[in-house]
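Asks: Turn this into a model:
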Amino acid sequence: MFWVIAALCILSSGIQAQVQSGDSLYALRLDLGYSYNKTYSHHFNADIGAFVPINRHFELQADVRLSSANFYTAATQLRPKFPLKVGELYIETRAAYRAIVRNNIQEATGGLSLGYRMQYINVQIGCGMRVFGPYGMKYHSSDRFILEPFIVLYRVEAFVRPQTSRWNIAMAIGNIDNWQMERMWQPIFMLGGRFDADRHWRVYISSECKPTGMFHLNAAFYAADLRAGVEYRF
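Replies: Numbering: from 1, shown residues only. Model prediction:
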């Protein structure tokens, strides 16, 4: 039963566009990062991503994260977009699967959101769902997995320069990023920058801080994430 719901989440979602890109080039990305939280302590991550502009109205992105903390994530996003006289309206569908091997847990998440992007700001809001449970569960037993049927998704992102600029810095708050969809009371604070060396090569650095327990009693989890990488655009 778990895998049926997981498959439905994945089939109903696709890949997020690169909000910071300001163009429509195929791209491959690799970055390395360091993370810390109270659950896994110090660990390192390797992220691989691909960006595919199907046409001027559809963009795809896929991301994979491998962690030395022995958990692995695969995520996809699809973004139909509709240019307006001012800015751009888009619909973003997304899905992610995470295998937390060290804790014998797996989860699948899927979401749908509506967004609006201008040169200096990007805003989106939507909803999603999550299903998770242990490895080796009995597929015919519905009481072996946990389903969260409704999650509010949101993200507000601001840029210091137009998104078509050669370099930029972005700040964001929300409960979604390329690899995860959290509960609405678990916001992720994000800060990052990029520089286009030329038409093909881009370098960037980003950071995330995810404190939880802001609006409930569980304040035992805290995470910090730093990463830097390169991107080659075709």
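
Asks: confidence score at the residue nearest to the spatial centre of the chain?
Replies: Nearest to the mean C-alpha position of the chain, by Cα atoms, centre = their mean, lies Asn178 at 1.7 Å. With respect to pLDDT, Asn178 has a value of 88.

Asks: Helix, strand or coil: sort out it for me.
Replies: When classified by DSSP: H, G, I helix; E, B strand; the rest coil, Asn178 comes out as coil.

Asks: my read: it touches Asp63, true?
Replies: Yes: look at Asn178 against Asp63 with Cβ atoms under 8 Å: they come within range, at 4.7 Å. For the C-beta atoms, the positions are set from N, CA and C on the backbone; glycine is no exception.

Asks: Which residues are in contact with each of the two?
Replies: Asp47, Gly49, Ala75 (Cβ atoms under 8 Å, 6 or more residues apart in numbering).

Asks: Neighbours of the first one, how many?
Replies: Pointing back at Asp47 there. Burial measure for Asp47: 19 neighbouring residues, criterion other Cβ atoms under 10 Å.

Asks: quick one: contacts for it?
Replies: 29-33, 63-66, 178-179, 227, 229.

Asks: so which helix or strand takes in it?
Replies: Taking DSSP states H and E as the definition, Asp47 sits inside strand 41-55.

Asks: mean confidence for that strand?
Replies: 93.

Asks: What residues of that strand count as buried?
Replies: His43, Asn45, Asp47, Gly49, Phe51, Pro53 (16 or more other Cβ atoms under 10 Å).
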